[in-house]
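J.: Need coordinates for the below:
(one chain, ligands or ions: 1)
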Amino acid sequence: MDDLARVRERLAIAKSVAVLTGAGVSAESGVPTFRGPQGLWRNFRPEELATPDAFERDPKLVWEWYDWRRGLIAPLKPNPGHYAIAEMEKRFPEFLLITQNVDGLHRVAGNAKMVELHGNIWHARCTAEGTVRENRDVPLKEIPPRCRCGALLRPHIVWFGESLEEDVLEKAVNSCKRCEVLIVAGTSSVVQPAASLAGIAREAGAFVVEVNPEETPLTPMADAYLQGASGLILPQLMMKENHG
Ligand code: OAD
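T.: Coordinates of the predicted model:
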């Protein structure tokens, strides 16, 4: 039996499923990934744009970069991979989507049971009050934008050197401990703590599936490796009739 058939068999009896996604799942929608040959980190230095120090040094530059990315993402639509994951949420009684993506496309596709590990590019947080508000302005009306209280707003994104929100991480870890199948799609599996979640799930007895055109550090420890684009593979996991 090939890996695709084995995964479909597992999913046919699963009650509890978790999905961990990364930038690769949005690649077919046109959102740039971070690491590959066309990745954002090829042309931009994260330490100048995605750290608390960078923001303190030059909030305008940081916001200009996010404004550019927001403009890029705004017209984009979910792809068949996103929709397959939204379908999973309906099908499995216990489900959690754990995403590293900040583009919001999973929500547009219909997922509600989800945690956004690295925040959301459409949310801004007050640097004084800590309050988080949605901001959909494209382009932003002022750069850097300010809160009603007068303090600077910052992107509600987890930057390098910052910790994930505790309750968000706890939800992700708990679902990895409970699920029967964990599907890890479109992530290079190098950024912590997200990269550790598959190990946590596996140790707790889950069947771990990786979906990615390229091998990653996770590949050797995955129970099944489905090589290919998530927009092609994930819908195949959700097809009702058995072609295997
Ligand atoms: P990366 O850019 O590191 O990795 C993208 C992965 O997607 C790679 O392994 C690609 O092989 C794979 N990929 C490309 N096209 C694909 C497709 N069509 N279908 C499936 N997979 C595909 O992105 P992440 O792993 O998400 O952090 O990066 C993790 C974090 O690093 C991001 O959340 C971001 C970044 O710094 C923050 O913004 C805080």
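J.: switch to C-alpha atoms for all contacts and neighbour counts from now on
T.: Noted.
J.: Tell me how far the closest residue in space to residue 140 that isn't next to it in sequence lies from residue 46.
T.: Distances taken as Cα to Cα, 6 or more residues apart in numbering place residue 67 nearest to residue 140, at 6.5 Å, with adjacent residues excluded. Between residue 67 and residue 46 the computed distance is 16 Å (Cα to Cα, to the nearest Å).
J.: and what of residue 117?
T.: Applying Cα to Cα, the value for residue 117 to residue 46 is 18 Å.
J.: Same check on residue 99?
T.: 20 Å.
J.: out of those two, which sits in the busier spot?
T.: Taking other Cα atoms under 10 Å, residue 99 and residue 46 do not tie; residue 99 has more neighbours (26 against 15).
J.: Now do the same contact list for that one.
T.: 19-22, 114-118 (Cα atoms under 8 Å, 6 or more residues apart in numbering).
J.: Recalculate using a threshold of 10 Å.
T.: By Cα atoms under 10 Å, 6 or more residues apart in numbering, residue 99 lies in contact with 19-23, 25, 106, 114-119, 172, 184-185, 187, 194.
J.: now, which of these lie close to the ligand?
T.: By Cα under 6 Å from any ligand atom, the members of the contacts of residue 99 lying near the ligand are 22-23, 25, 118, 185, 187.
J.: Using CSV, write out the CA atom coordinates for stretch 14-32.
T.: As requested, the backbone C-alpha atoms of stretch 14-32 are provided in CSV (Å, rounded to 0.1, in the frame of the first residue of the first chain):
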residue,chain,number,x,y,z
ALA,A,14,-10.0,9.0,12.8
LYS,A,15,-12.1,11.0,15.2
SER,A,16,-9.4,13.4,16.2
VAL,A,17,-7.2,15.2,13.7
ALA,A,18,-4.8,18.1,13.9
VAL,A,19,-3.3,20.0,11.0
LEU,A,20,-0.1,22.1,11.2
THR,A,21,0.5,24.5,8.3
GLY,A,22,3.2,26.8,7.1
ALA,A,23,3.8,29.2,4.2
GLY,A,24,3.8,26.5,1.6
VAL,A,25,0.1,26.0,2.0
SER,A,26,-0.5,29.6,0.8
ALA,A,27,2.2,29.4,-2.0
GLU,A,28,-0.4,28.3,-4.6
SER,A,29,-2.5,31.4,-3.7
GLY,A,30,0.5,33.6,-4.5
VAL,A,31,1.7,34.4,-1.0
PRO,A,32,5.6,34.3,-1.0
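J.: quick check: mean pLDDT across it?
T.: In this model, stretch 14-32 has a mean pLDDT of 98.
J.: cool, and stretch 206-223?
T.: 98.
J.: now do stretch 186-194
T.: On average, stretch 186-194 scores 97.
J.: Can you pull out the residues in contact with the biggest strand by length in the chain?
T.: In the chain, with assignment by DSSP state E, the single longest strand is strand 119-126. Contacts to strand 119-126, defined as Cα under 10 Å, 6+ apart, come from residues 66-67, 69-70, 73-74, 99-104, 130-138, 145-159, 164-165, 168.
J.: Got a ChimeraX select line for the buried ones in the residues you listed?
T.: In ChimeraX, a selection of the buried entries from those looks like this (16 or more other Cα atoms under 10 Å):
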select :66,67,69,70,73,74,99,100,101,102,103,104,132,145,146,147,152,153,154,155,156,157,158,159,164,168
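J.: Of the contacts of strand 119-126, which belong to helices?
T.: The helices, defined by DSSP state H, take in 66-67, 69-70, 73, 168 from these.
J.: what's the most distant pair in those residues?
T.: 67 and 168 (25.3 Å; Cα to Cα).
J.: Spatially, which residue comes closest to residue 48, not counting chain neighbours?
T.: Nearest residue to residue 48, sequence neighbours excluded (Cα to Cα, 6+ apart): residue 54, at 5.1 Å.
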